[in-house]
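A.B. asks: the sequence and its predicted three-dimensional model are supplied below.
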Amino acid sequence: MKLSKLFTKTSKNISSQIESVNAQLLTRAGYIYQEMAGVYAFLPLGMKVIKNIEQIVRDEMDKIGEELLMPALSGRERWHATKRHDAIDILMSTRAANEKALEKSTAEYILNPTHEEIITPIAKHFRTSYKDFPFAVYQIQTKFRNEARAKSGLLRGREFIMKDLYSFHTSEDDLNKFYELAKERYDAIFDRLGIGQDTYITFASGGDFTDDYSHEYQTVLESGEDVIYLDRKNKVAYNKEVATPEDAKKLGVNFDELEQVMASEVGNIFPLSTKFSEHLDYKYSDEDNIQKNVWMGSYGIGISRLMGVITEKFADDKGLVWPESIAPYMYHIVALPDEENIKVANKVYETLGEDKCLYDDRDSASTGERFADADLIGCPVQIVVSKKTLENNCVEVISRSDKFESFMHPIDEIESLETKLA
RNA sequence: CGGGGUGUGGCGCAGUUGGCUAGCGCGCGGCGUUUGGGACGCUGAGGUCGAAGGUUCGAGUCCUUUCACCCCGACCA
C-alpha cells in the first residue's frame, strides 16, 4: 500500500482528555476512529490488524470446532427463559421496528452480548442423538454490552468484536476433556499473538454463567482493569475475587507467595454444566433412548480488546510496535526524495509485494515526518532508501522493536531479505 | 449509577471583571524553496462558540435546563 493512497492520515495532535495509550496511539496513527464512548470504527490499518488477529484465532479454533455466524439481534423470550433478561444489566435492546409498532407493541429486540441463548436452540435443531456428540461451533462477531462506563479505548467498549465458541457434550467428563483441549488452543493463540509469556490462565468465579468456577486468560498489563494474584513459577493466577487464603490452600498454592499485578482479561472459558440446556430444554437421547441434559462449555476471546492490549503491551514513546504476526504490514519503506531513491524504492516495493509493504511515496512529507510516521504506525521492519544507502548499492533495514541491529542489505538481493529476517 | 473535569474551524488550544469585525498553532488549497528525524517563505479557504431557553442596549463570557466526551469509583455477562 502506498501511503499517498492510504485512506487515513496520521496526526500529531490528540485531545489531552484521552489518556489511554491504546486510544491515543491507535487514533493518531489512523487505525481507529471513535464514534462515541466505547464505540470505534476500524479503519484500513486497524482492519488489517483485526483480520490478522482473527486469522490466528480461526486457525486454532478450526482445530476444535466449526465456524458459523449467528445474528446480532435476538428475540427477548430466550433471555427470559434463561432468566438473564433482567439479571444482566448490560443488556442492550431496541424496542420496535417502527413508530407505529412502538405505540402498541411490546416487541423488543436484544442486541446480543453473548450467544448461549442463540446457539442452544440451533444446536438442538440438528443434534439430539448421543451419536451426534460431542461437537463445537464458534463465530467471530460484534457484541453489544451497555457498559455503565466505557473506558480505556479498546479495553472496555460498548460494541466490540469477540470470538465465542460453544461446545456440547453428553457428560461432564467429556466436557472436561474438551475443556483441556480448548486450553491448549488458547495457549497457542496467545503465543502466536506474541503475548504468551505474559498471559496467564486465571481462576475466577463463574458469574451468571455457572455456579462453579471459570477460567480467565489475563495478560499482565499496567493499565489493565483487573488485579490478579500471580504464581509465575507454575504459570497460573487467581482473580482477586477468588484469591483468599482458603481458596489458595484448596488450589495448592501458598497465598503469601502470590505476586499481585494488574492485568487485562483477553479471554475466558466457562464450563456451563447443564445450566443452559435445562433452561432452554436441550436434551439428547442416550443409547437406551433416555432423555438427558446436554453439557455445555463456553469459550470467549476479545478480538478488539486484544488489539488494545497488544498495543499497550508493546508501544513505546515513538508509537506503535506490532508483533510480526499481526502487523498491518511487515515493511515500511521510506525513500528520501530523489529520483534515484524513488526508482529503487519502487523496485523494493514491487519485489517484496504491495500487500507486505507500506510505502511512503508522499512527496509532500519532510524527512523527519516520514521517519516519525514510520515509527508511529509501527510496522516491524523499516526500509530506508537514500543517497547514503545507494552509495553502497544497499538499503538500510531497521527493526522497529530493536529485535535486531540495523543493517545494510544489497539492492539486488532484496528477494532474500525475507529469509534473512526469518 | 455517584463524584470530578471538558465542550470554541478538520485536529489541538487561547479568549481577563460581559463590549466593537472570535484569535493562535497544526492540518488543508495555491506558488516557490527545501529533504537522514515531525522544514521554510508568500498567499488563500474554513468557525457563530455542544444544544435549548433566559438575563442584558449588548453573551463565547452570566443564569437555568439538557446532551456529549474524558477521568476516578461502583458495576463487569
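C.D. replies: Cool, the structure landed.
A.B. asks: going by C-alpha atoms from here, please, whenever you check contacts or count neighbours.
C.D. replies: Will do.
A.B. asks: what sits closest to A:Ser298 if chain neighbours are left out?
C.D. replies: A:Tyr166 (4.7 Å; Cα to Cα, 6 or more residues apart in numbering).
A.B. asks: in chain A, what spans have low per-residue confidence?
C.D. replies: A:96-106, A:206-212, A:241-244, A:247, A:250-251 (pLDDT under 70).
A.B. asks: and with 80 instead?
C.D. replies: Along chain A, the parts satisfying pLDDT under 80 run over A:16-18, A:95-107, A:205-213, A:240-255.
A.B. asks: RNA strand B contacts on the stretch 251-400 of chain A?
C.D. replies: A:318, A:336-337, A:363-373, A:375-376, A:384-389, A:396 (Cα under 7 Å from any atom of the strand).
A.B. asks: helix, strand or coil: sort out A:Val344 for me.
C.D. replies: helix (DSSP: H, G, I helix; E, B strand; the rest coil).
A.B. asks: tell me, how many residues neighbour it?
C.D. replies: For A:Val344, the tally of surrounding residues (other Cα atoms under 10 Å) stands at 19.
A.B. asks: residue contacts, it?
C.D. replies: A:Val385, A:Ile411 (Cα atoms under 8 Å, 6 or more residues apart in numbering).
A.B. asks: any idea how far A:Cys357 is from it?
C.D. replies: Distance of A:Val344 to A:Cys357, computed by Cα to Cα, to the nearest Å: 14 Å.
A.B. asks: how about A:Arg362, phi and psi?
C.D. replies: phi -70, psi 130 (degrees, to the nearest 10).
A.B. asks: and for the one 5 residues further on?
C.D. replies: Per-residue torsions, A:Thr367: phi -60, psi -50 (degrees, to the nearest 10).
A.B. asks: what is the neighbour count of it?
C.D. replies: When neighbours are counted by other Cα under 10 Å, A:Thr367 comes out with 14.
A.B. asks: not counting sequence-adjacent ones, nearest residue to it?
C.D. replies: Closest to A:Thr367 by Cα to Cα, 6+ apart is A:Leu336, at 6.6 Å.
A.B. asks: those helices in the stretch 1-150 of chain A, which residues are they?
C.D. replies: Assigned by DSSP state H, counting those that start in this stretch, the helices in the stretch 1-150 of chain A fall at A:21-28, A:44-61, A:77-81, A:99-104, A:116-126.
A.B. asks: quick check: which of those is buried the most?
C.D. replies: Each of those was assessed for mean neighbour count using mean count of other Cα atoms under 10 Å. The highest is helix A:21-28, with a mean of 24.
A.B. asks: so the residue nearest to A:Ser298 sits against A:Tyr299, correct?
C.D. replies: Yes - the pair A:Tyr166 and A:Tyr299 passes the contact test of Cα atoms under 8 Å, sitting 6.3 Å apart.
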